[in-house]
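how would this look folded up:
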Amino acid sequence: MGLKNRHRLKDKDVESHYQELKAKLGDSPFEPLEGVDIADHDGNKILLVDQRPLATFFNGEVFPTMNGLLNMNATKRYITVDMGAVKFVYNGADIMAPGIVDADESIEEGDLVWVRDVEHEKPLAVGRAMTNGKEMVQSEKGKVVKSLHHIGDEMFD
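Below you'll find the predicted structure:
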């Protein structure tokens, strides 16, 4: 992973990011007193713990990476898709309404969200909501989440 400008975050910044993630998702991929580094990678700022990219910034807003989501117990801002949608989401496709079986009703249009499969509830992607959570479940057609990062992409390889 080609990192530039890597340095340790101040404790108050780690605490701030921790609190923001905890409020958004119900958990954080790192603890408030954990040593967290920040670095530039291909134009993205990423937060690392022990060399693992656990969070990044999408338009200045901190959100876990796929690695981060796998290392936490997020309980908010989820979109659950049926198993037929998994292969498309896994390959980076935007999330379409027909594949959604459940969504956190507190999601607002424009929120960063994470997508999981219905069977194992494992994270598949991170995206930007194009509608609210209730509408996602009720809609029968159209794109409802713009995919930004997914399992297997090259964002942090």
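
helices of this protein, start to end?
11-25, 66-70, 83-90, 133-138 (DSSP state H).

most packed of those helices?
Compared across the helices of the chain, helix 66-70 shows the largest average neighbour count, a mean of 22 (mean count of other C-beta atoms under 10 Å). All C-beta atoms are positioned from the backbone trio N, CA, C, and that covers glycine.

how is the chain carved up into domains?
4-70, 78-150 (automatic domain parsing).

and the longest one, end to end?
Chord length of domain 78-150, first to last residue, is 14 Å (C-alpha to C-alpha, to the nearest Å).

what average pLDDT does that domain get?
Averaging pLDDT along domain 78-150 yields 96.

what's the answer for the shortest one, then?
Mean pLDDT, computed over domain 4-70, is 95.

off-centre distance for it?
The chain centre lies 11 Å from the centre of domain 4-70; the measure is C-alpha atoms, centre = their mean, to the nearest Å.

also the longest one?
Offset of domain 78-150 from its chain centre (C-alpha atoms, centre = their mean): 11 Å.

give me the distance between the residue in the chain sticking out farthest from the centre and residue 70.
Farthest-out residue of the chain from its mean C-alpha position, per C-alpha atoms, centre = their mean: residue 140, at 24.1 Å. Residue 140 is 31 Å from residue 70, where distance means C-beta to C-beta, to the nearest Å.

who's residue 123 bridged to?
residue 116 (DSSP bridges).

check contacts around it.
66, 69, 70, 74, 114, 115, 116, 151 (C-beta atoms under 8 Å, 6 or more residues apart in numbering).

next, count neighbours for residue 151.
Neighbourhood size, residue 151 [other C-beta atoms under 10 Å]: 19.

do residue 56 as well
23.

so who does it touch?
44, 45, 46, 47, 62, 63, 65, 149, 155, 156.

how close does the first one get to residue 64?
In this structure, residue 44 and residue 64 are 13 Å apart, going by C-beta to C-beta.

if you count surrounding residues, which of the two has more?
A side-by-side neighbour count of residue 44 and residue 64, using other C-beta under 10 Å, places residue 64 first with 28 against 15.

measure the residue nearest to the spatial centre of the chain to residue 55 for me?
Per C-alpha atoms, centre = their mean, the C-alpha nearest to the average position across the chain is that of residue 126, at 3.9 Å. Residue 126 sits 10 Å away from residue 55, going by C-beta to C-beta.

nice, that's everything, thank you.
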